Each structure stands twice: as C-alpha cells, then as structure tokens.
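J.: Kindly return the folded structure for what I paste below:
(2 chains)
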Amino acid sequence: MKPWRANIWRWLAAAVLLAIVSLSLAANWLAPAGYAKQYREAADAPPSHQHWLGTDEIGRDRFARVLYGTRISLLLAPAAALISTLMAALIGGLAGYLGGAWQRAAMAVTDLFLSLPWLFLLITVRAVMPLNVSPLFSVTVTFLLLGLLGWTSAARVLCASASSLRNSDFVRQARASGIRGVRLFWIHVLPNLKPVLFAQFWISVPAFILAEANLGILGLGVAEPMPSWGSLLKELEGLMSVGEEPWKFVPLVLLVMVVTSFQLLLSKQDEVAA
Amino acid sequence: MSALGGRIARHALALLATVLLGGLLAAALVRLAPGFDTDEQELDPLLNSASIQSLRQARAEQSNIFRYYFSSLQRAAHGDLGTSISLGQPVSTLLRQRAPLTLRLVGLGLLLSWAFAMGFALCAAWLRISAFDALTTLISGTFLCLPAAVLALFAVLWRIPEALAIALIVFPRVYRYAHNLLDKAYGQAYIVTARAKGLSELRILFCHTIPVAAPQLLAVAGISVSIAVGAAIPVEAICGLAGVGQLAWQAALARDLPLLTNITMLVTAVTLLANSGADVIGHMLRGQEA
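T.: A predicted model of the protein is given here:
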C-alpha cells in the first residue's frame, strides 16, 4: 500500500481532533453567554436558531455546555495523562533502573493496584473524596485522581524497559566511566525511555476521557454547573427511546469521534508501548 | 511437577498478601476520607445522649485503622465479616444474597464476549479477507470507544440483556488480543509448510494455530475476568440490578467501611485467582508442548 494511503486514516483522525479541539477553544466566541446561563422561559426546549442543540431541563444552552464540556475533558485528560506518565516514569523507570528489592517492591505495589479493576478503584477512591464541593474543586479532584491512579500499567512497561537498559552496554560503559546514581538515570536512561513515555502518555489520554465519562454518568465526576462529557452524558439516563431527542447524543458522538481519532493515531504508538 | 507446585505456592502466597493489602488499602482510604468521623445519625433529635454516646463509641473503634483491620480479620477468620453501616445487615448475608446474580451476569457476559471475540478472530484468521478484517476491527473499535456506563444506559434503553452489555464491554479488548495472536500464529513458517503439505485449513486452524496461541489466550482470559468484574459495577448500578457491583457502588457512596473493605478483598481475590489460574494452566500447557 502507498504511504499516503496507509496514513490517510491517521491524517483524517488528526483533522477531526484538531477541528474538535479548535471548536472547544472557540467556546468563548461561539457561546459567549457561557455554560451556566439559564433561559428559564425555554427549559427543555428542542433545537432552534437561538439554541442549536436545545436546552437542558433547567434551561441552559446545550450547545454552550457541549463546547465548554469538550474543552474541560480535552484539556484535563492530557493533564491527567501527564501526571500518570510522570509517576510511571518515576516509579517504574526508577524501579527498573535500580533493580533488586526496589524493583520487587515497586512491582508489588503495581500488582496490588492492577489486581483491582480500574473502574472499581476509581469509584472507591472518588467516593471517599468530598462529593459536595465547588465545581472547580471537583474538576481538579476528578482529573487528579485519574492521573494519580492511572500510572500502574505504564509503570510496568517502563520498569521492563528501564530494566533492559540497566544491563545495556552503553549504561555499563557510562557506569565504568564514573557516572552513577541520579545523573546516570537522568542523562542516559531516561532519554532512552522517551518513546515508551510518549506512547504511554498518548494511550492514557483516551482511557482517561472514557474513565471521566464513566464517573460522570455514575454521578461521581465533575460537579454541576460545570460541564464535562461525563456530566453531559448523564442526561441520557432520562431518555425513553433513542429517536426521542437525538440531539442529546451529540456529546456521545463527539466522545466517540475523539476516542476513535486517538485510537487511529495511536495504532503505531501501541507497537512502541508493547 | 515440583516446578508447577512451586508456581502454585508462589501464586497462593502472592494472592493472600495482595488480598490482605487490598483490604487494608480500602480501609485506610475510607478511614482517611474527609468527614469520616461525622455521622448523620447523631443529628436525629429522637436519640438521647446515651445513644449518641454509643454511636460515637462504635465509631471510635474504627478510628485506629490497623487495630480495626486486625480485629476485623480475626472476626473474618471465624466467619463474621461485620455489619454494613449503611444497610444495617451482616456483610456475609449481603454478599451471599448478591453474589449469585453477579456471578451469573459476569459468567454469561464473559462467555458471550469470548464467543464473539473468538468467532470473529477465527473467521478473520481463516478467511483472510481484508474487508472482513476491516469490518470486525470497525465493530470492535466502536465498542472500545464507548464508555461502559453508556453501554449500560443503552441496555436499559433498548432492553438488551445486561449480560450482553457486559459482553460488549469485554469483547473488543479480547478480540484485539485474540486477533493479533491468531494472526501472528498464522504467519509462522510451519503453517506455510503445513499448507504446502496439503493439510486442510480447518486442521491447520484447530491443530496448529490455536494450540500455539493458547497460553497467551489464557493470559487474556485472566485479564478479561478483571474487565468483566469492573464492567459489572456500572451495568448493575445503572440497570438497577441487586448484585455485588451495585453493592460496591452503594458502599463507596455511603463510605461503608466494613462493606467496602470486604468487597475490595473479594474483588481482588477473584481477579487474582483468575489471573493466577490462567498463568498456572498456561504453564502446564507450555510444559506439555515442551
């Protein structure tokens, strides 16, 4: 297959992602009234010229909420992925580099976290945090939690990579020339872990977007009135049939488009991560 | 045999240690959560000072997490798993009542998901038609992009059996691995030789491809149990099924320390047992091959 044809799906995915990110970043201009403004005279209204996706049950413009919710989910999921990747690099990378008891201890902790289903762990930890908090705090807590709990599988991969680097010739040579400790790890080991780190980062982003959506639907995500894909999807609970109010599926369509785009873009990164 | 025995013993020890640590982790999380020391029951105007005092005393017993955990383990050894704070029932009764439903749901979901995944993967490996490959990848990719809770919502909306919702959550993960493993096994040189010798495609598939991929497929089976147990939480919570998944969700929301600790230990034990079982069987299979 010609290279351009092999990459056409990837280019398409990148274009879709770029378009959605641009739209969400332009939320201030496209929906200047904001996500919390109520139009009480038009509560639960169908789509119209004023409200392109109608309004929710307390009269807030759904189009504005989708734009701002997209912005929150798309900006904070990478931030959470960054935290989890850094933690994985620190815990997994260092454990693999140090080896011995350190590696065994770090992997035991990783195994403990991995033995619990991801969603169960998230729900348990999120539920023990305060639920009745300010929207900004709830956003921070939700995505911070994703970052702090999502490092385990990445740490395992990084530990294995760092462990193989520990016994490589160039590290032995560096050690023989007197470079040791943090310097050796920072200058010689960590730069060689970069491809795995990047792959793990990009793999975490769609996983965290989906996790936030799950938490939001279960009522443990971002607090009202702040929107996120999770809280917007909670609206689907009230539907009696799919054809009834199809515009309520817009957040789901956007979510699927974004996650699919990430999957397409990551098809090569998966190979690096494995 | 001794290597296998050692492997089983190692797994059993790791399982015990991880389950105990998991329980301690859950207990510590709930204990350290903000607002743990407060109890809404104390606001009840009908309670006298003695009742409030006894409530506080019961709470104080849980204040030292290690003491609480050690005493609860001692009681658990005698079959007493404690009493749920939020539901006021013995935890063992709650788990006994709800476990069969979750077991049935997860078991059926796993069966269906494996049937779909292996069916599609075998067809893709056998037929080797790129259009079929693209179609199955598209189907599994679509389900992979849907949050588990959304699939549970669709199950309610379209009155789909809940086990099917779990199957659709697990299926794409299993399919991806199964497809890759079978594809890799099919690409081996000895398969080309077998084909050149005139063996039928069915014989190649069932006698020379699946046995080679079996140990890795078993490892995926272990992981799929963990995914299915995790999927049971949103499915049971959203579909209103009184199983262990819903109980876990309710316990988390109510910060029910005894219930949450026991469920965490149960879930940890189930997922580790599945993974260890898969590893031991995989080891046996590899031993047979050697």
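J.: Under the pLDDT cut-off, which ranges of the stretch 151-290 of chain B? List them.
T.: Counting by pLDDT under 70, the stretch 151-290 of chain B has low-confidence residues at B:288-290.
J.: For A:Leu232, which residues are in contact?
T.: A:Leu232 is in contact with A:65-66, A:69, A:216, A:251, counting by C-beta atoms under 8 Å, 6 or more residues apart in numbering or on different chains. C-beta coordinates here come from the backbone N, C-alpha and C atoms, glycine included.
J.: Out of those residues, which two sit at the greatest distance?
T.: The span of those, defined through C-beta to C-beta, is set by A:Val66 and A:Gly216 at 13.5 Å.
J.: Spit out the contact partners of B:Ser140.
T.: Residues counted as contacts of B:Ser140 (C-beta under 8 Å, 6+ apart) are B:117, B:120, B:171-172, B:175-176.
J.: Filter the residues you listed down to the ones in helices?
T.: If you go by DSSP state H, the contacts of B:Ser140 have B:117, B:120, B:171-172, B:175-176 in helices.
J.: what does the stretch 151-290 of chain B have sitting close to chain A?
T.: Residues of the stretch 151-290 of chain B lying close to chain A by C-beta under 8 Å from any C-beta of the partner chain are B:153, B:157-158, B:226-227, B:229-231, B:233-234, B:237-238, B:248-249, B:252-253, B:255, B:260, B:264, B:267-268, B:271-272, B:275.
J.: now these: which count as buried?
T.: B:153, B:226-227, B:229-231, B:233-234, B:237-238, B:248-249, B:252-253, B:255, B:260, B:264, B:267-268, B:271-272, B:275 (16 or more other C-beta atoms under 10 Å in any protein chain shown).
J.: Name the helix or strand for the residue of chain B found nearest chain A, please.
T.: At 2.9 Å from chain A, B:Gly230 is the closest residue in chain B, using C-beta to the nearest C-beta. Using DSSP states H and E, B:Gly230 falls within helix B:210-239.
J.: other SSEs contacting that helix?
T.: helix A:118-128, helix A:190-217, helix B:91-127, helix B:148-157, helix B:162-186, helix B:244-254, helix B:257-289 (3 or more C-beta pairs under 8 Å, 6 or more residues apart in numbering or on different chains; DSSP states H and E).
J.: one more time with 7 Å, if that's ok
T.: In terms of contacts (3 or more C-beta pairs under 7 Å, 6 or more residues apart in numbering or on different chains; DSSP states H and E), helix B:210-239 is packed against helix A:118-128, helix B:91-127, helix B:148-157, helix B:162-186, helix B:244-254, helix B:257-289.
J.: Export these to CSV and append columns for distance to B:Asn64.
T.: CSV is the format used below for the helices and strands packed on helix B:210-239 (distance: least, C-beta to C-beta, whole Å):
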stretch, distance to B:Asn64
helix A:118-128, 18
helix B:91-127, 20
helix B:148-157, 37
helix B:162-186, 39
helix B:244-254, 21
helix B:257-289, 13
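J.: nearest to B:Ala214, of these?
T.: helix B:257-289 (5.6 Å).
J.: For the closest one, name the packing helices and strands.
T.: When contacts are defined as 3+ C-beta pairs under 7 Å, 6+ apart, helix B:257-289 packs onto helix A:100-115, helix A:118-128, helix B:2-32, helix B:91-127, helix B:210-239, helix B:244-254.
J.: rerun at 6 Å
T.: Helix B:257-289 sits against helix A:100-115, helix B:2-32, helix B:91-127, helix B:210-239, helix B:244-254, with contacts defined as 3 or more C-beta pairs under 6 Å, 6 or more residues apart in numbering or on different chains; DSSP states H and E.
J.: tilt between that helix and helix B:91-127?
T.: 40 degrees (axes from the mean of the first three to the mean of the last three C-alpha atoms, to 10 degrees).
J.: Skip the chain neighbours and tell me the closest residue to A:Ser134.
T.: With sequence-adjacent residues excluded and distances taken as C-beta to C-beta, 6 or more residues apart in numbering or on different chains, A:Ser134 is closest to A:Ala223, at 7.3 Å.
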